[in-house]
Every structure is written in structure tokens, then in C-alpha cells.
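> Next one to model:
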Amino acid sequence: MSDNYISITAASYPATRMRRNRQTDWSRRLIEENRFSVNDLILPIFITDGNEKTAIDSMPGVYRIPIDQIIEYVQEAKELGIPAIALFPETNASLKDDKGSEALNEDNLVCRATSLIKNNIKNIGIITDVALDPYTSHGHDGLLKNNEILNDESIEILCKQAIIQAKAGSDMIAPSDMMDGRIGLIRKELDKNGFKNTQIMSYAAKFASCFYGPFRNAIGSELNLSIKSKKSYQMDYRNSDEALREVSLDISEGADMIMIKPGMPYLDIIYRIKSTFKMPTYAYQVSGEYSMLMAAVNNKYLDKNKAIIESLSCFKRAGADGILSYFAIDAAKLIKQG
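Numbering: from 1, shown residues only. Okay, here's the model as predicted:
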């Protein structure tokens with residue numbers, strides 16, 4: 001049977017004409033290998049304590065949403081069929097310190113927004129980011145001492161942060177800090193505190209990347225990063241075997257889902273991870289990717305709608321089960337329109 005298969009696929013022109021199946025719309029739809037749908041979308045939302053939504057200059061079309069407007073914004077996402085949202089806070093500079101103390105405030109911006117959404121909108125997943133960078137005066141994901149990011153001491157705080165988010169109603173904890181061993185310890189603390197059904201989406205393969213620039217501007221964490229880069233804890237973008245090791249460790253520690261970040265420049269990583277582990281695998285189409293596409297759109301180099309669908313479909317082709325994207329609302333509307 002194997003020999004027959006080889007002889008069939010080796011048939012050449014004119015017997016084999018690959019274009020036959022591409023001639024009509026109905027035929028192209030029949031042979032689609034991957035299909036992108038609204039069920040693949042997660043909407044990242046920047047939240048603020050301000051009174052009005054504010055534009056993010058580095059991300060055209062994206063806004064910081066005031067907490068008193070968050071219900072309306074999330075309701076739109078739900079009505080479009082988007083399964084989940086992810087919250088990222090713009091923390092007031094006066095609340096930041098070198099220890100990220102505001103991360104442990106049970107009445108912080110993320111906790112208030114999470115509770116508000118949970119109490120007013122049903123059947124949409126709430127994902128909360130576990131990391132210290134929105135809360136530290138130095139802008140890093142962990143504690144900084146003597147120009148070193150402390151691993152174990154940072155995890156102690158991250159575990160407490162995860163618990164207060166779960167208490168506020170978070171459905172899924174998403175550690176994006178890249179500290180070694182944090183997934184297992186967070187899982188242990190969640191279970192011990194009665195949150196055994198709270199999911200963990202691990203940013204297991206998060207690369208040190210220039211594509212995060214607009215995000216850091218959006219949450220105000222970029223100001224003091226020159227003190228020390230994040231390369232001592234985020235991955236080297238030249239490595240892929242290392243990503244497999246990181247993912248393997250996080251799975252063994254109890255991660256329910258895996259995140260790769262950034263997205264489009266790392267489609268090979270998505271493919272390798274999905275093929276190797278067969279785990280629910282997600283990609284983050286990060287702020288720099290969004291801004292890059294929007295710059296081309298605003299200069300009329302690209303068609304926005306086509307760029308959205310093509311770029312998101314590429315993640316599915318690579319093996320992603322879902323995508324965090326600032327285009328989520330636009331994409332959901334396009335899908336609804338058919």
C-alpha cells in the first residue's frame with residue numbers, strides 16, 4: 001500500500017494539476033486544511049483607573065479601558081462569541097515600588113475588574129496575568145536586587161498574587177514572568193487554597209523580544225528597564241530546543257495550557273511544541289506585531305481585513321489552538337459577516 005501511495009503522489013503534469021481544486025470557491029472551501037473561527041480568539045484588554053478610555057499612541061485603535069466601562073466592552077466580546085478575555089492593568093505610578101506591593105492588594109485594579117466582570121457577565125473566561133512588571137518601579141517581572149532578578153523570592157510573591165486573583169474570580173491564571181519552578185508552586189498553592197479547578201496557562205516559551213515595546217508603553221513598565229534587560233529570564237530568540245525544555249518542565253509541574261510569545265516570528269516554535277506535546281497550545285500576537293501590521297494598514301500598504309484573517313490563520317496552520325490578539329474584536333466581526 002505504501003508503494004502505491006508513493007506512485008500516486010509522484011504522478012506528474014499533465015495527469016496531476018494542483019490548480020483543479022483551486023478553481024472555485026466551493027472547492028477551495030472543501031479542501032481547507034485549517035479553519036480559523038471565533039472560538040480561537042482571546043481578547044487582551046488594557047484596564048485603567050481613569051475616567052475615560054485613552055488611546056495608546058503606539059497601538060493605533062487600541063485603548064486603555066476605564067474600569068467603569070469594562071462591562072460594556074466585555075459584553076461586546078461575549079456577544080461576538082469570543083470565549084475569553086485577558087486583563088492587563090495600567091498601574092498608577094504612585095502605587096509602584098521595588099517589590100511590586102500593589103500586586104498583592106486584594107483591591108487592586110485587576111481584582112476589581114475581575115470581580116466586576118464575574119458578577120455581571122456569565123460564560124466568558126477571565127484570564128489574569130501573574131507577573132510583577134505592571135507593579136514594580138523598575139519594570140521587571142520579578143524582584144530586583146543587586147542588579148539580579150531573584151527567582152525563588154519572586155515566586156513567593158507570584159504565588160500570593162495568583163491566590164488573590166483566584167479569590168477575585170479569575171478563571172485562568174497566566175504566569176508570564178518566566179521564573180523557574182513557578183508553575184508547580186502556583187499549582188500547589190491554588191489547590192491548597194481551594195482553587196483546584198482554576199486553570200493555569202503558562203507562558204512557557206516567552207522570548208526576550210523587541211516586539212513587546214508597545215505593550216510596555218501601554219502599561220507603563222518600560223521607563224526603567226535600562227537598569228537591567230529581561231534577557232536573564234526570558235528566552236533567547238535564537239533558540240528552539242530550549243523552548244521544548246521549558247514547555248516540558250511546565251507541563252510536568254501542572255500547566256493546563258501553553259503559551260508562546262511573541263507569535264508570528266515564532267511559528268516554528270508553535271509547530272514544534274504542538275507536534276511534540278499535543279497540549280493545548282496558544283500564541284500571543286503581541287503588541288509589536290499588531291502595531292507593525294497597523295502601520296502598514298494606515299499607510300495603505302496592506303488591506304486591514306485581509307491582513308487580520310491571514311495573520312491569525314497562520315497561527316492555526318502552525319498548530320495553535322487559540323490566539324491572544326488585539327484584532328480579536330475586528331476578527332470576530334469579520335467572521336460573523338462571513
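> For Asn224, give me the pLDDT.
We have a pLDDT of 59 for Asn224.
> And for the one 3 residues further on?
On pLDDT, Ile227 comes in at 62.
> Same question for Arg19.
88.
> Could you pull up phi and psi at it?
phi -80, psi -10 (degrees, to the nearest 10).
> Over to the one 3 residues further on?
As for Arg22, its main-chain torsions (degrees, to the nearest 10) stand at phi -100, psi 0.
> okay but it is in contact with Arg28, surely?
Yes: if you go by C-beta atoms under 8 Å, Arg22 and Arg28 touch, sitting 5.9 Å apart. Any C-beta I mention is one placed from the backbone N, CA and C, and that applies to glycine too.
> for the stretch 101-250 of the chain, which spans come out with low pLDDT?
Applying pLDDT under 70 to the stretch 101-250 of the chain flags residues 220-228.
> now the strands for it?
125-130, 143-145, 148-150, 172-175, 199-206 (DSSP state E, counting those that start in this stretch).
> Which of those sits closest to Phe327?
Checking the strands of the stretch 101-250 of the chain against Phe327 by C-beta to C-beta gives strand 125-130 as the closest, at 17.1 Å.
> other SSEs contacting the closest one?
strand 84-89, helix 109-120, helix 151-168, strand 172-175 (3 or more C-beta pairs under 8 Å, 6 or more residues apart in numbering; DSSP states H and E).
> Let me know the angle separating the second one from strand 125-130.
Interaxial angle, helix 109-120 versus strand 125-130 (axes from the mean of the first three to the mean of the last three C-alpha atoms, to 10 degrees): 170 degrees.
> So which residue is dead centre in this structure?
Tyr284 (3.8 Å; C-alpha atoms, centre = their mean).
> Helices of the stretch 201-338 of the chain, residue ranges please.
Per DSSP state H, counting those that start in this stretch, the stretch 201-338 of the chain carries helices over the ranges 213-219, 241-253, 267-277, 287-298, 304-318, 328-337.
> Summarise which helices and strands the second one is packed against.
Think helix 241-253. Counting by 3+ C-beta pairs under 8 Å, 6+ apart, helix 241-253 packs on helix 182-192, strand 199-206, strand 257-261, helix 267-277.
> thinking again about what came up before, just tell me which of the helices and strands packed on strand 125-130 ends up closest to Glu189.
Closest to Glu189 of these is helix 151-168 (C-beta to C-beta; 4.5 Å).
> ok, back up a step: okay if I get the strands of the stretch 101-250 of the chain as TSV plus mean neighbour count and distance to Ile323?
Below are these laid out as TSV (neighbours: other C-beta atoms under 10 Å; distance: least, C-beta to C-beta, whole Å):
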stretch	mean neighbour count	distance to Ile323
strand 125-130	23	13
strand 143-145	18	31
strand 148-150	16	29
strand 172-175	24	14
strand 199-206	26	13
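> As JSON lines, those strands with distance to Phe46 would be great.
Supplementary listing: the strands of the stretch 101-250 of the chain in JSON lines, determined by distance: least, C-beta to C-beta, whole Å:
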{"stretch": "strand 125-130", "distance to Phe46": "11"}
{"stretch": "strand 143-145", "distance to Phe46": "24"}
{"stretch": "strand 148-150", "distance to Phe46": "24"}
{"stretch": "strand 172-175", "distance to Phe46": "15"}
{"stretch": "strand 199-206", "distance to Phe46": "18"}
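> closest one to Cys159 among these?
That would be strand 125-130 among the strands of the stretch 101-250 of the chain, by C-beta to C-beta, at 8.8 Å.
> relative to strand 84-89, how tilted is the closest one?
30 degrees.
> Now find how far off-centre strand 125-130 is within its chain.
10 Å (C-alpha atoms, centre = their mean, to the nearest Å).
> Using PDB, write down the CA coordinates of that strand.
Extracted C-alpha coordinates of strand 125-130, given in PDB (Å, rounded to 0.1, in the frame of the first residue of the first chain):
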ATOM      1  CA  GLY A 125     -13.500  33.200  30.600                       C
ATOM      2  CA  ILE A 126     -11.400  35.700  32.600                       C
ATOM      3  CA  ILE A 127      -7.600  35.300  32.300                       C
ATOM      4  CA  THR A 128      -5.300  37.200  34.600                       C
ATOM      5  CA  ASP A 129      -1.600  37.900  34.200                       C
ATOM      6  CA  VAL A 130       0.700  36.800  37.000                       C
END
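> and it, which strands flank it?
Its sheet considered, strand 125-130 pairs with strand 84-89 (parallel), strand 172-175 (parallel) by DSSP bridges.
> about what we covered before: Throw the helices and strands packed on helix 241-253 into CSV and include distance to Glu33, thanks.
Shown next, in CSV, are those (distance: least, C-beta to C-beta, whole Å):
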stretch, distance to Glu33
helix 182-192, 33
strand 199-206, 24
strand 257-261, 21
helix 267-277, 14
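> That'll do, ta.
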